[in-house]
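# any chance you could fold what I've pasted below:
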Amino acid sequence: MANKLPKTVEEQINLLLERGMLFKNIDNAPHFLKNISYYRLKGYWWEMQSDKVEHKFKADSYFENVIDLYNFDRHLRLLMFDAIERIEVALRTKLIQHLSLAYGPLFYLDYDIFNDKIKQ
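The predicted model follows:
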């Protein structure tokens, strides 16, 4: 990839067209390619290719479907990180409650609490 010359957004769209990508509204494509990037979207159209060496697309491969997949993935990631953040905060809260009640408010300064007795 490092030896490939950079392409303008218009050249990227032409390349997609040459490879068989279809567009329901080609006028919207520059917006997405300028804000998401060709190489980020590439992962979402990978399975739409009939030839992964020449990067030719299967019939009925629409750019808008790529954007839909990207947006689905983005929303799913936001939901997942929201859930992970809630778990992280709850776990930290439980650790702080347990350790502060067991070892006092400055428990985090007592390194002996955190030494692994098995490894010593």
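# with just CA atoms, put stretch 40-47 into CSV.
Presented in CSV, the C-alpha positions along stretch 40-47 are these (Å, rounded to 0.1, in the frame of the first residue of the first chain):
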residue,chain,number,x,y,z
ARG,A,40,-11.6,2.8,6.4
LEU,A,41,-14.6,2.1,4.1
LYS,A,42,-12.6,-0.6,2.3
GLY,A,43,-13.1,-3.0,5.2
TYR,A,44,-16.9,-2.7,4.8
TRP,A,45,-17.0,-3.4,1.1
TRP,A,46,-14.5,-6.3,1.3
GLU,A,47,-17.2,-9.0,1.2
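# let me see the mean pLDDT of it.
The average pLDDT within stretch 40-47 is 96.
# okay, buried residues for that stretch please.
Judged by neighbour count using 16 or more other Cβ atoms under 10 Å, the buried positions of stretch 40-47 are 41, 44, 45. Every C-beta, even on glycine, is put in place using the N, C-alpha and C of the backbone.
# could you check how far it is from the centre of its chain?
With Cα atoms, centre = their mean, to the nearest Å as the basis, stretch 40-47 stands 12 Å off its chain's centre.
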